[in-house]
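**Q** build me a model:
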Amino acid sequence: MRHKSRPQGCACGCGPGCVHARLADAIPLVSSLLSSTARDEGLVIAIADREARLHYVDGDSRARSRAESIGFTAGANWSEAQVGTNAPGRAVARGEAVSIHREEHTRPDVHPFSCSAAPLVDPVTGEVFGALDVTGGDAAADRRTLALVQATAAAVARELRLAGVPVGPPPHTSARLRLVHHGRPCIETGTATHALTDRHAELLATLALEPQGLSADEIGALIYPDGTPPATIRGELLRLRRRLDTIPGAPNLESRPYRLTGPLLIDAVQVTEHLRRGEHDEALELYRGASLTHSEAEPVVDLLRSTSGSLREAMLSDATPETLLRYLDLPEAADDVESWHMALTVLPPRAPQRAIVLTHLEQLDTRLRQAN
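**A** Alright, predicted model coming up:
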């Protein structure tokens, strides 16, 4: 097997110190552990970054030529948002090892291939920074190959950590306000979760969306019912300040005007950003349903409605069949007849999920007829 000491075409365009280039330091290990299998079984070996873009492709020469015919080459984007179901795309999106057999691929031209991939995970931060993939015939998706790929991916992570290479992005240090995780509103800081009252969540969302700050009167006009005394508003803001003081890593609350002293991410805003980049699976990882379903605070209502609408529109227009089915698992999609009909349109004729979709549509139709 021909060995390449560097990935072809680092997609980020950075210098030799970037994470993509440093992944090349792991290639000798990958080659030593997988080359004999690739040679004997006619397989292709690939390393993808955390966006599922291929940065290294090698292996059996005839298998590589076949893979090139479907665009499986260095520099190509194999995220599920781009090409549908495939092993490296799913491994980086879900952080799980996976085998994909021929017809399980979304694209018909990929049906001659099977593949197995495992995420490359930073053992310190837990961040997925890429994926290791083996592609070829049926042997590429058998249990032995999957186990070998998983073991090699674990060895890569250990090798890079021992070499002091910063393989993954640093842990998130910014606090995040969770509004669309189908649970009580809360602040996440690292791995810790801190519950909030609905009112405090409304105040924090409003202030995070207005980083220049707001007066008590402006906050009252946006969040509180008409006629709420200013003393009530200021009292609640004081309680919020005290609550934030108990949460390590959360921003502080200053007054005159009322504003947050540090960044506060909002998961609903992040969902929209993922959708804008075509990262549908990442959006669904964050979006599990609105927490503040009964809120009357104008900024919160507008944000949640916009996020839900953008997600639905993206699912109906651009999502892969698998991603659309994940969307249909959301509580708010349970009675969405149009979305369920769209699933029938995009699913392959022999997809086993069609039976589930048809049954659900029949149940919806029965309920509608009974209601009328």
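**Q** all strands for the protein, in order.
**A** Here the chain has its strands, by DSSP state E, at 44-49, 54-59, 98-100, 114-121, 128-136, 175-178, 186-189, 192-195, 253-254, 259-260, 264-266.
**Q** contacts only, for the residue nearest to Glu41 when sequence neighbours are not counted.
**A** Once flanking residues are discounted, Glu41 sits nearest to Ala139: 4.4 Å by C-beta to C-beta, 6 or more residues apart in numbering. (Each C-beta comes from the backbone N, C-alpha and C, glycine too.) The contact partners of Ala139, by C-beta atoms under 8 Å, 6 or more residues apart in numbering, come to 41-43, 114, 145.
**Q** mind putting those into CSV with neighbour count, distance to Pro211 and pLDDT?
**A** As requested, these are exported to CSV (neighbours: other C-beta atoms under 10 Å; distance: C-beta to C-beta, whole Å; pLDDT from 0 to 100):
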residue, neighbour count, distance to Pro211, pLDDT
Glu41, 19, 55, 90
Gly42, 18, 56, 93
Leu43, 28, 51, 95
Ser114, 25, 50, 96
Thr145, 22, 50, 90
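**Q** list the ones among these that fall in helices.
**A** 41, 145 (DSSP state H).
**Q** show me the shaky parts of the stretch 1-150 of the chain.
**A** 1-23, 25, 123-125 (pLDDT under 70).
**Q** now the helices for it?
**A** 19-22, 27-41, 61-68, 80-83, 87-94, 143-162 (DSSP state H, counting those that start in this stretch).
**Q** re earlier: let me know which of the strands of the chain is the nearest to Pro349.
**A** strand 98-100 (19.6 Å; C-beta to C-beta).
**Q** run the chain-centre distance for the closest one.
**A** 18 Å (C-alpha atoms, centre = their mean, to the nearest Å).
**Q** partners of that strand in the sheet?
**A** Strand 98-100 has the following sheet partners, assigned by DSSP bridges: strand 114-121 (antiparallel).
**Q** off-centre distance for the partner strand?
**A** For strand 114-121, the distance to the chain centre is 16 Å (C-alpha atoms, centre = their mean).
**Q** can you check stretch 79-87 too?
**A** 13 Å.
**Q** go on, stretch 227-239?
**A** Using C-alpha atoms, centre = their mean, the offset of stretch 227-239 from its chain centre is 38 Å.
**Q** average model confidence for that stretch?
**A** Per-residue pLDDT over stretch 227-239 has a mean of 92.
**Q** what's the answer for stretch 242-251, then?
**A** On average, stretch 242-251 scores 90.
**Q** and it, which residues are buried?
**A** 243-244, 247, 249-251 (16 or more other C-beta atoms under 10 Å).
**Q** possible to save those as JSON lines with distance to Val346?
**A** Output for the buried residues of stretch 242-251, formatted as JSON lines (distance: C-beta to C-beta, whole Å):
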{"residue": "Arg243", "distance to Val346": "45"}
{"residue": "Leu244", "distance to Val346": "45"}
{"residue": "Ile247", "distance to Val346": "43"}
{"residue": "Gly249", "distance to Val346": "42"}
{"residue": "Ala250", "distance to Val346": "42"}
{"residue": "Pro251", "distance to Val346": "42"}
